[in-house]
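Asks: What would the 3D arrangement of this be:
(chains A and B)
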2 protein chains.
Amino acid sequence: MSLIVQKYGGTSVANPERINAVADRIKRFVDDGHQVVVVVSAMSGETNKLLQLIKDVSKKPSPRESDVIVSTGEQVTIGLTALAIQERGIKAKSYTGSQVKILTDNAHSKARIINIGTKNIQKDLADGYVLVIAGFQGADENGNITTLGRGGSDTTAVAIAAALNADECQIYTDVNGIYTTDPRVVSTARKLKSITFEEMLELASLGSKVLQIRSVEFAGKYKVKLRVLSSFEKNGDGTIITYEEDHKMEDPIISGIAFNRDEAKVTVQGIPDTPGLAYQILGPIAEQNIDVDMIIQNIGHGGENDFTFTVNKSELDRTLEILEGMKSHLKAKQIIGDPNIAKLSLVGVGMKSHVGVASKMFRTLSEEGINISTISTSEIKISILIDENLLDMAVQSLHKAFNLDQ
Amino acid sequence: MSLIVQKYGGTSVANPERINAVADRIKRFVDDGHQVVVVVSAMSGETNKLLQLIKDVSKKPSPRESDVIVSTGEQVTIGLTALAIQERGIKAKSYTGSQVKILTDNAHSKARIINIGTKNIQKDLADGYVLVIAGFQGADENGNITTLGRGGSDTTAVAIAAALNADECQIYTDVNGIYTTDPRVVSTARKLKSITFEEMLELASLGSKVLQIRSVEFAGKYKVKLRVLSSFEKNGDGTIITYEEDHKMEDPIISGIAFNRDEAKVTVQGIPDTPGLAYQILGPIAEQNIDVDMIIQNIGHGGENDFTFTVNKSELDRTLEILEGMKSHLKAKQIIGDPNIAKLSLVGVGMKSHVGVASKMFRTLSEEGINISTISTSEIKISILIDENLLDMAVQSLHKAFNLDQ
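Replies: Numbers count the residues shown, from 1 in each chain, chains lettered A, B, ... in the order given. Now for the predicted structure:
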């Protein structure tokens, strides 16, 4: 008998038929003798409907009240899922985040979990109940309803699994696992049987939107065995995310290729080299809540600096405006924005111990005539910026060159 | 400065525009220097939508889970209403029943309020907040979400008003007060400026569906000053419900005429007179959760009893089936069901001290050629059963005879 936490996202519980399919799956696990705790999201579309209502009455809604409203989406799903499970002759009980209680800080709409009360749910599990817990929500120490931010149901599932010391945390989505790259770009993209947490973190943050990055961090911290599966397939063992620190001999060097077409490149050219340069440039941008992704700084000719970073394409104009206002203060020669780029990243723990990954990558792209404008590396990742029109070709050639389809 | 509790039903908060109108009204009270606590129902249509979802996944839904689901309707409204109030520059804060906390027993879907925690809301009121509280819901001592049954938001409002010792509890509906009878039947029906609790209780239970009867009982018990108003009129002082025990000289003898077309008459004829007869007949019917309204027993000729009562028309067949099964045991001669009746009631504290109300009523009907099949009286009410086809005529002639239009 194992204790399994299962998380079902919005598309997996989109309507009564899908909820019945989820209940059928849970019944199979219960029939096999497992204890099951289920974490569910709002039925897909519901959260957007609630957000629209909020927009209809308020120009600048208070986060506290927005959380009160938005959290009802999951509350409906827990009740319906519990009913569907009961309908199959299995004891089930729903829990809101506040009932669990999932204690969070009071940062409404992006709260962080502080603690999970397990007394009540442990007792119900021992009494043979399947528990159905609302994802994405909690309550602060004063009982105010909080939400973890959109997609936060993954984090709830992992946190519950950690708190209950579950044997496995299964994340059901609309894909059947993690792929070497996007199958829509590379038809031979292959599902990985396993991937390490570090690789997953790099892949998640680079645009493979299968799992929320915070949930992966959380799982790694508490050593929760995570598995990504499809709720639309009856069988299939998905991709398991391991926290093996050591690279095994037989592991492939590269696990996958991630990419992102949503970023734009900003370059501040010819700034005199002074301490605190990065802060001077990025401080005012962070203050305007603009997220910065890649950051590359390089001392150029004559002791002058070129400073390059990427922001979301939609933030490019605002970013350039802020920088133009600081141009004379920074003593910069030129500020250049380029929205026509894409980011591509090779990810793999294998590259830690294999030299030559970078050179093979660059050779492959050079043979295809693809020019690289910017390069940034970490221990298990090489990210580059290229012309966005050449992205598909670059992904396809690298997928082949690193034998990811095998 | 007064402390006013205002309750808005589903049609009063049916959409963002209506919620904005409610917020405008609240602002007028705040601008006049009042403290305001608002109790809201689910947006009209929402509860039925949730009930349909429940039906879609479960044939016999557990009341606990149904309450979890249905209670989200009010939770959405409290958030939206609080936002709309904030949008007008007024501090506002929403509270679910569980957050207040409105402690109830654990009779899911028809829970009764045991206690209302006022510590938090008192503090917020003192800090200048308008409080927006979810009607119709609470939580039991284990934190399970409960509902008070449909329409129970009135009861929430009255209970909150009692707990806070509010100066007035205003119930906003889609009618602008209590009328002498249904204006759709009698065009000269007149809005009452005031009505006593006892009269209101009789009128409510007899089919004037403006206020939930439980809320009126509650208000009487705790001497809460209740007022019924329209949320669709900008001004208007509605009908105030008083708890004056004494009948004043200038008060009209009769306050109103209530009627109900939904009842059917059941008569058990010729039963030998034995102790416990009423219980023998009604016990098995109550066990099947069939509500019985009027009950009349009369000893007939030869010491035999005729026993008559009314049930909802939709329960008539089931009731007759139960009685047929007991017929020989009861030694009854005949069991007769009649769905073609209507109940009409004259209500008024004035009739306590005025003889002749009954005879005037009967004479009026006799002059119209309306036959009365059954009569039952209380101190402030005379109820009769007549042919349902003659109901409108009966109501119109009595309304005129008792000068209710003046």
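Asks: going forward, measure contacts between C-alpha atoms and count neighbours the same way
Replies: Fine.
Asks: right, and residue A:197 touches residue A:240 too?
Replies: No: at 9.7 Å, residue A:197 does not count as touching residue A:240 under the criterion of C-alpha atoms under 8 Å.
Asks: mind listing what the closest residue to residue A:62 other than its chain neighbours touches?
Replies: What sits nearest to residue A:62 in space, not counting adjacent residues and going by C-alpha to C-alpha, 6 or more residues apart in numbering or on different chains, is residue B:83, at 6.9 Å. By C-alpha atoms under 8 Å, 6 or more residues apart in numbering or on different chains, residue B:83 lies in contact with A:54, A:57-58, A:61-62, A:65, B:92.
Asks: Now with 10 Å, please.
Replies: By C-alpha atoms under 10 Å, 6 or more residues apart in numbering or on different chains, residue B:83 lies in contact with A:54-55, A:57-66, B:19-20, B:23, B:77, B:90-94.
Asks: Please report the distance of residue A:195 from residue A:243.
Replies: Here the distance between residue A:195 and residue A:243 works out to 9 Å (C-alpha to C-alpha, to the nearest Å).
Asks: If you could redo that for residue A:173, that was the one I meant.
Replies: Plainly put, residue A:173 is 21 Å away from residue A:243 if you go by C-alpha to C-alpha.
Asks: Got the phi and psi for residue A:350?
Replies: Recorded main-chain torsions at residue A:350 are phi -60, psi -30, according to degrees, to the nearest 10.
Asks: Hmm, it is touching residue A:195, no?
Replies: No: assessed by C-alpha atoms under 10 Å, residue A:350 is found out of contact with residue A:195, at 11.2 Å.
Asks: returning to what we had before: common neighbours of residue A:197 and residue A:240, please.
Replies: If you check residue A:197 and residue A:240 against C-alpha under 10 Å, 6+ apart, the residues they both contact are A:225-226.
Asks: name the helices or strands packed onto the helix-or-strand element of chain A with minimal mean pLDDT?
Replies: In chain A, no helix or strand scores lower on mean pLDDT, DSSP states H and E than helix A:197-205, which sits at a mean of 76. Applying 3 or more C-alpha pairs under 10 Å, 6 or more residues apart in numbering or on different chains; DSSP states H and E, one finds that helix A:197-205 makes contact with helix A:213-221, strand A:239-242, strand A:256-260, strand A:341-347, strand A:381-387.
Asks: Per-residue confidence, the closest residue to residue A:384 other than its chain neighbours, what does it come out as?
Replies: Spatial nearest neighbour of residue A:384, excluding adjacent residues (C-alpha to C-alpha, 6+ apart): residue A:375 at 4.5 Å. Per-residue confidence (pLDDT) for residue A:375: 88.
Asks: hang on, the earlier thing: from the middle of its chain, how far away would the least confident helix or strand of chain A be?
Replies: In this view, helix A:197-205 has its centroid 8 Å away from the chain centroid, taken as C-alpha atoms, centre = their mean, to the nearest Å.
Asks: What of stretch A:361-369?
Replies: Averaged C-alpha coordinates place stretch A:361-369 at 30 Å from its chain's average position (C-alpha atoms, centre = their mean).
Asks: so residue A:128 touches residue A:3, yeah?
Replies: No: taking C-alpha under 10 Å as the definition, residue A:128 is not a contact partner of residue A:3, at 11.7 Å.
Asks: Where do the domain boundaries of chain A fall?
Replies: Taking the TED database as the criterion, chain A consists of the domains A:3-242, A:256-402.
Asks: thinking again about what came up before, am I right that the residue nearest to residue A:384 falls within a strand?
Replies: Yes: when DSSP: H, G, I helix; E, B strand; the rest coil is applied, residue A:375 is found to be in a strand.
Asks: Tell me who's in contact with residue A:343.
Replies: Neighbouring residues of residue A:343 by C-alpha under 10 Å, 6+ apart: A:206-207, A:258-265, A:294, A:310, A:374-375, A:383-388, A:391.
Asks: Would you mind measuring from it to residue A:1?
Replies: Relative to residue A:1, and taking C-alpha to C-alpha, residue A:343 is found at 45 Å.
Asks: Quick one: the helices in chain A, in order.
Replies: A:16-31, A:46-57, A:63-70, A:72-86, A:97-100, A:119-126, A:153-164, A:197-205, A:213-221, A:277-287, A:316-330, A:357-367, A:391-401 (DSSP state H).
Asks: between the third one and helix A:46-57, how big is the angle?
Replies: Helix A:63-70 and helix A:46-57 meet at an angle of 130 degrees, taking axes from the mean of the first three to the mean of the last three C-alpha atoms, to 10 degrees as the criterion.
Asks: Spell out whether helix A:63-70 and chain B are in contact.
Replies: Yes: using C-alpha under 10 Å from any C-alpha of the partner chain as the criterion, contacts between helix A:63-70 and chain B involve A:63-70.
Asks: Please convert the residues you listed to JSON lines, extending it with neighbour count, pLDDT and distance to residue B:214.
Replies: Written out in JSON lines, the entries for these read as follows (neighbours: other C-alpha atoms under 10 Å in any protein chain shown; pLDDT from 0 to 100; distance: C-alpha to C-alpha, whole Å):
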{"residue": "A:63", "neighbour count": "16", "pLDDT": "95", "distance to residue B:214": "36"}
{"residue": "A:64", "neighbour count": "21", "pLDDT": "97", "distance to residue B:214": "33"}
{"residue": "A:65", "neighbour count": "28", "pLDDT": "97", "distance to residue B:214": "30"}
{"residue": "A:66", "neighbour count": "26", "pLDDT": "96", "distance to residue B:214": "32"}
{"residue": "A:67", "neighbour count": "23", "pLDDT": "97", "distance to residue B:214": "32"}
{"residue": "A:68", "neighbour count": "25", "pLDDT": "98", "distance to residue B:214": "28"}
{"residue": "A:69", "neighbour count": "26", "pLDDT": "98", "distance to residue B:214": "29"}
{"residue": "A:70", "neighbour count": "29", "pLDDT": "96", "distance to residue B:214": "32"}
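Asks: wait, what's in contact with the residue nearest to residue A:384?
Replies: Contact partners of residue A:375, counting by C-alpha under 10 Å, 6+ apart, are A:294-296, A:343-345, A:382-386.
Asks: circling back: just the helices of chain A: most buried one?
Replies: Relative to the other members of the helices of chain A, helix A:72-86 carries the highest mean neighbour count by mean count of other C-alpha atoms under 10 Å in any protein chain shown, namely a mean of 28.
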